[in-house]
Each structure stands twice: as C-alpha cells, then as structure tokens.
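> My questions are about this predicted structure, shown below with the sequence.
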Amino acid sequence: MTDAPASVDGSLDIDPEWTGRILVKFIDNELHRTGLHDLVLGLSGGIDSAVVAYLAGRAIDPARIHACLMPYRSSSEDSVSDARKVVEDLGIDAETIDITPLVDGFERTTGPVDRLRLGNVMARARMTLLYDRSAAHRALVLGTSNKTELLLGYGTLHGDLASAINPIGDLYKTQVRRLAEHLGVPEPIRAKPPSADLWPDQSDEEDLGFSYAEVDRLLALLVDARASRATAIDAGFAPELVDEVTRRIVRSQFKRLPPVIAKISTRSIGADFRYPRDWMT
Amino acid sequence: MRDARVALGQIAPHLGDIEANLALHRRAAGQAVRSGADLIVFPELSLTGYQLADLVPDLALPVDDPRLAPLFEASAGIDIVFGMVEDAPGHRFYNAAVYLSRGRVVHVHRKLYLPTYGMFQEGREFAAGNRVRHFDSPWGPAGMLVCEDLWHMPCAWLLAHQGAEVIFVLSNGPTRGARPGREVTSVAVWRELLQTTAQFQTTWMVYVNRIGCEDGVTFGGGSLVVDPFGRVVAESPALDESLELVDLKSEVLRRARTVYPLLRDEDLELAERELARLRQLRYDLPDPAPATEKDGVA
C-alpha cells in the first residue's frame, strides 16, 4: 500500500508541499509563542542548514533571520560561497565570522588536540557564536541536525546538536533532500556530497561507512516501523550493517537527552517534575 | 432532530492559559452568532491546550466554576460545545467535553479512552470516564465523544442506539507528517474513520480538531461534518484557523435511516449474548449459564 503510514511500511516518501507547510507552521508557532521574533542559524553551505533557512524564510520576515557563516581555516571555499547563495536568494541578514582565531586560541591554551577533538572544538565554537548572537538579536537558535544524524549520533554534543527548535530533526537525510528540491534550494548545494567539513575532503558517508540512501531505508524500517533485526535482514540489509546501525543508535542515546539527574527529592526534574517545554507560552 | 447551523471552531488554544482561551472562545462564538449559527463546537481541551502533563491539576475546574462565567454568558446566544479539564468529585481529573446552552450545562462527557502509548501520556494524568450517554440538546438527541473514543467502535454504536442523531467529536489529532497523496496524515485518517462511523450509525458526525503546535507536535485541523449517508458535507482546511458553517438537516437523517435501516435491524440480543461470552472469556469469569440445546444448534 503506497498510502500506508510510515509506521506500517517504513517508507521514506513524503509529500514535500504539506511537510513544508507543517514545518513552516512549526517555526512560526514555536518562535512567536516565546515572545521573540528573530531566528539565528549557522549556515554551513550544506543542504541541511539551507533547508532550515528556506523554511524559516517562509515562516517569518527574512530580515529577522540572522545567518552566521562560520568557516575555519581548512573549510572548503564552496562552503562559504554556497552559504552566500542561500543568503542572497532569501534576502536574510548574515555575517561571516572566521572561527580560526577561536580554535587556534583553544589549541594555544591547551596544546594540540587530535582531528576528532578539534572538530568538536569547532562545532562548539560555532555554538558559542550562535548563542551569543541569539542573545544579541533576542532570537531563538534554529537546529539543523537531521534524523539520520541524530539517530546515529553523528554530531557534537553541545555543538551542532545544540538548538532551541529544530524543524528537520524528524526528517531523514533522504527526506531533507526531497524537501530541498521542493523549496528551491540551489542545485549545487543539493548535488555535492554531504560533509561535516571539519577537515579537508571529509565525507559523511566515508566517516560512517555506509550511504545515507541505504541507512535511511534501514533506519525507517527499524525505528519508524519498529521492524525486528530478522525483518531487516529479510528486506535485504546485511546483518553487519543492521548490527552496526543498532549499536550506533543505542550508544548515542545520551546525545539525544538532557543530563541524568540523581534523584534525591520527592519531585525531581526529569522524573516527576513534568511540564511541557512550551509551558505557559 | 431539528435543522441546525453548526460552526466548527477550529482554533489553536493557548497552552495552559485559561483566560486567553476564554477570550478566544468568546471571539469565535461571537463571530458564529453573527453568521447565524445555532451552536459552535470547539476541539478537545479547548480551554487548556493538550500537552499538559503536570499542569492538569493546576488547570482543572468544576464545570460550574465561576471562572467559566464568560462561556456561560456567551451560551445565552449560542450553544457551545468545548473541552476542559474537569475537577470532578473526589478530585478526579477528567478530559471532559461540555455542552452549554442558555447559561446552563446540558451534558458532560468524560473521555473514556485515554491514549497512553506512543506519543500519548493521557492515562498518567487523567481519570477515565466510564459512561456513554446521549442527551437531549435543543436540536435533538445528541452525543459527544472525545478523540480516541471514536477509535473504539462501541462508543458511537452505543450513542446511536440510545438515540443520538448527531455525534460531536472533539479532537486533538496530531499530524505525523505528510505522505504523497495523503495530505496531512491525521486529516485523511480521521476523514475515513468519520465517514465509516457515520455510515454504520446513520448519524451526523461533527468533528472539530485543533490546530497549532505544542512542544513540536503540530495538530492537523481538518475539522469536518459527515452526513448520515457518510458523505463529507463540509471540511475545514488543514493547519489553519477557520470557522466553517454547516447546516445539519433533519431531512437527510430521515432519508438515510429510511434507505439504510441499520439501527432498526440491529439485533441487540445477539450483541448482548456474544458480549457476555466475550466478557467471560476475557476476564476468565465463571460460566453464567450452561449452554442450552438451542446454543448448540448449528
């Protein structure tokens, strides 16, 4: 059945028009209920942050969207030029801040760190800038992590994973691509291979060891349709891939939740002090 | 039933803010009056919003609470169906649907089925109602159900057999994205469910779903009215605020029940016998009466 809900068949099909409308409403609603009117986001030149920018551009006045382009010394030149295309196309406010001095300053203070740790420092330097700009503009920080990254734990805790509201956190990369096409995200951004761009020629798919197209189908089956390992293998996925992906989901659970609080009192935050995040907004 | 013009109050309630929601209700009711409506129907928990968690006891009110005065006053000019957290005797908090007319409470329905699975937590916070009763509205015999109640077939069936000719369904149906050809998912699913229910029970179905977003959950809207033949006669847009007006016609109900005398032909004794048997099996009860020869005949 082509029209069954994803929970039945694990399909990745979305209606981009209506999905876009839901997300535009989400941004409008979640922003304005806080009493704020501005949004801040980091634009990397990649497809995820571009899609979030285009959605925001449909939700609010573009002049109230403040994009930060935050290249590092080793960032690809395309990253900044592609991000600029988004800025120009949408007519949003933007500033470019080179994070090299911040990251170099960190290394000068603590001594050199390996490539992975340096990547985390960059992600957290960008987060620091975004949250600073959010205070300056009285704005909410838009998240740009997709569901694939969130489930696999492919992101830096308190870095790129940090945000106030995330419109694309429930869309797999494959679905973000479909939405990008519908929203008119420039073709070069949609066509280039996904990269965290934390070091030259980095590739998400090489880091992960599988393609988004494949892992998204598997994730939709395991997560959305709650299929068993055996069902996934019957559907044609290699047992090693199923096990690796399952292990990644489980091991990255901590990245998707607030810190664990030791329960001492009769009413503890996170356990039995339960209020909506949108409390009285 | 008598002909009635109903307004579908598809609103986005303010989460946890009863004062703001009272104003929202009054504005919509005023607009409905000016449009010649006889009654206005609001969504589930229209007075409080949905994702309440620990706010439930803070927002619970008895249905005769003076804070509801603005709604009672407004109901002098138009019947009002709305949703609230009821603080009932014993401080049981119900997810309740209330029918107001001419300044008094005509009927209260306490949500029977509290979804407590997947994204839903209602069983933690609310007490479950335990009765399905139709009531006499100024427009004829009617019934109310709240959201998940409609997914349990006996609810609408029982109301129809008690005599309800119109069933109001107050809902907070969340979207789960949008699939090709299916619009916003909750809208398509509810439409099918309501059409089927209307066909089975040959009753008018008046469904009002909220819109807006709470903690990332977007509610789909798509309020609609289905006639007793199962035809959609009016539909509100998905996701946007609206106040659709629909005429419920007694003549259509009469025709539907003439063409499809399903309620007349229902074998209640058959249902009762089989239910008694199911009940015995499900709850492992002693056999109430040994099988008679008659039961054994093929």
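In hand now; what should we look at?

> And A:I233, how far from A:A213?
To A:A213, A:I233 is 18 Å away according to Cβ to Cβ, to the nearest Å. Yep, even glycine has a C-beta here, placed from its N, CA and C like the rest.

> before we move on, what about A:A59?
29 Å.

> Same check on B:A271?
52 Å.

> Repeat that for B:T196.
Noted for B:T196: a distance of 38 Å to A:A213, by Cβ to Cβ.

> so which residue of chain B comes closest to chain A?
Closest to chain A within chain B is B:A178: 3.3 Å, counting by Cβ to the nearest Cβ.

> Skipping its backbone neighbours, what lies nearest that residue in space?
For B:A178, ignoring the flanking residues on the chain, the nearest one in space by Cβ to Cβ, 6 or more residues apart in numbering or on different chains is A:W18 at 3.3 Å.

> Pull the number of nearby residues for the one you found.
22 (other Cβ atoms under 10 Å in any protein chain shown).

> thinking it is in contact with B:G222, fair?
No: counting by Cβ atoms under 8 Å, B:G222 is not a contact partner of A:W18; they are 11.3 Å apart.

> Spell out which helix or strand contains the residue nearest to B:A178, please.
A:W18 is located in helix A:16-32, with elements delineated by DSSP states H and E.

> Strands of the chain, residue ranges please.
Let's take chain A. Along chain A, counting by DSSP state E, strands occupy A:38-42, A:65-69, A:93-96, A:139-141.

> wait, I meant chain B there
So, for chain B - with DSSP E - the strands run B:4-10, B:39-41, B:79-88, B:92-101, B:104-110, B:135-137, B:140-146, B:166-171, B:204-209, B:211-214, B:217-220, B:224-226, B:232-235, B:242-248.

> I'd say A:D170 and A:K147 touch.
Yes: if you go by Cβ under 8 Å, A:D170 and A:K147 touch, sitting 5.5 Å apart.

> got the residues of the stretch 151-281 of chain A near chain B?
Contact residues, the stretch 151-281 of chain A versus chain B (Cβ under 8 Å from any Cβ of the partner chain): A:I165, A:D170, A:F273, A:R274, A:Y275, A:P276, A:R277, A:D278, A:W279, A:M280, A:T281.

> tell me which residues form a beta bridge with the spatially closest residue to B:E86 that is not a sequence neighbour?
Distances taken as Cβ to Cβ, 6+ apart put B:A96 closest to B:E86, at 3.9 Å, once the chain neighbours are dropped. Judged by DSSP bridges, the bridge partners of B:A96 are B:M84, B:R110.

> Might you report the residue contacts of B:A96?
B:V63, B:G83, B:M84, B:V85, B:E86, B:V108, B:H109, B:R110, B:K111, B:G129, B:V146 (Cβ atoms under 8 Å, 6 or more residues apart in numbering or on different chains).

> ok, now A:D98?
By Cβ under 8 Å, 6+ apart, the contact list for A:D98 reads A:M70, A:P71, A:Y72, A:R73.

> Pretty sure the second one sits against A:V80.
Yes: taking Cβ under 8 Å as the contact criterion, A:P71 and A:V80 are neighbours in contact, 5.2 Å apart.

> which neighbours do these two share?
Common contact partners of A:P71 and A:V80 (Cβ under 8 Å, 6+ apart): A:T96.

> quick one: the helix holding A:W18 to chain centroid distance?
Here helix A:16-32 is found 16 Å from its chain centre; the criterion is Cα atoms, centre = their mean, to the nearest Å.

> which parts of it are buried?
Going by neighbour count (16 or more other Cβ atoms under 10 Å in any protein chain shown), the buried part of helix A:16-32 is A:16, A:18-31.

> mind exporting that helix as PDB, just the C-alpha atoms?
Backbone C-alpha positions of helix A:16-32 (Å, rounded to 0.1, in the frame of the first residue of the first chain) are rendered in PDB as follows:
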ATOM      1  CA  PRO A  16       7.100  17.900   0.300                       C
ATOM      2  CA  GLU A  17       4.400  20.600   0.000                       C
ATOM      3  CA  TRP A  18       2.500  19.600   3.100                       C
ATOM      4  CA  THR A  19       5.600  18.600   5.000                       C
ATOM      5  CA  GLY A  20       7.000  22.100   4.300                       C
ATOM      6  CA  ARG A  21       3.700  23.700   5.400                       C
ATOM      7  CA  ILE A  22       3.800  21.700   8.700                       C
ATOM      8  CA  LEU A  23       7.400  22.800   9.400                       C
ATOM      9  CA  VAL A  24       6.700  26.500   8.400                       C
ATOM     10  CA  LYS A  25       3.900  26.500  10.900                       C
ATOM     11  CA  PHE A  26       6.100  24.800  13.500                       C
ATOM     12  CA  ILE A  27       8.800  27.500  13.200                       C
ATOM     13  CA  ASP A  28       6.200  30.400  13.200                       C
ATOM     14  CA  ASN A  29       4.400  28.900  16.200                       C
ATOM     15  CA  GLU A  30       7.300  27.800  18.400                       C
ATOM     16  CA  LEU A  31       9.100  31.200  17.800                       C
ATOM     17  CA  HIS A  32       6.300  33.600  18.400                       C
END
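
> Next, the angle strand A:38-42 makes with that helix.
Using axes from the mean of the first three to the mean of the last three Cα atoms, to 10 degrees, the inter-axis angle of helix A:16-32 relative to strand A:38-42 is 120 degrees.

> Other residues contacting helix A:16-32?
The contact list for helix A:16-32 (Cβ under 8 Å, 6+ apart) reads A:37, A:39, A:55-56, A:58-60, A:140, A:142, A:165, A:167-168, A:171, A:175, A:178-179, A:181-183, A:278, B:12, B:175, B:177-178, B:183-184, B:212-213, B:216, B:218, B:238-239.

> for stretch A:112-128, same thing?
The list of residues contacting stretch A:112-128 from outside it, by Cβ under 8 Å, 6+ apart, reads A:42, A:68, A:70, A:72, A:99, A:102-103, A:106-107, A:155-156, A:158-160, A:162, A:196, A:198-199.

> Could you rerun that using 10 Å?
When contacts are defined by Cβ atoms under 10 Å, 6 or more residues apart in numbering or on different chains, stretch A:112-128 is touched by residues A:42, A:44, A:68, A:70-72, A:74-75, A:97, A:99-103, A:105-107, A:110, A:141, A:155-163, A:196-199, A:202.

> In ChimeraX, how would I select the buried members of the residues you listed?
Filtering the contacts of stretch A:112-128 down to the buried ones (16+ other Cβ under 10 Å) takes a single ChimeraX command:
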select /A:42,44,68,70,71,72,75,97,99,100,102,103,106,141,155,156,159,160,161,162,163,196,197,198,202
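
> which parts of stretch B:76-85 are buried?
Here stretch B:76-85 shows B:I78, B:D79, B:I80, B:V81, B:F82, B:G83, B:M84, B:V85 as buried, counting by 16+ other Cβ under 10 Å.

> okay if I get these as a markdown table plus pLDDT and distance to A:L129?
Shown next, in a markdown table, are the buried residues of stretch B:76-85 (pLDDT from 0 to 100; distance: Cβ to Cβ, whole Å):
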| residue | pLDDT | distance to A:L129 |
| --- | --- | --- |
| B:I78 | 98 | 54 |
| B:D79 | 98 | 56 |
| B:I80 | 98 | 51 |
| B:V81 | 98 | 51 |
| B:F82 | 98 | 47 |
| B:G83 | 98 | 44 |
| B:M84 | 98 | 45 |
| B:V85 | 98 | 43 |
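
> Now for the residue lying closest to B:P115 once chain neighbours are set aside, how many residues are close by?
Nearest non-adjacent residue to B:P115, counting by Cβ to Cβ, 6+ apart: B:E148, 4.7 Å away. If you count neighbours by other Cβ under 10 Å, B:E148 ends up with 21.
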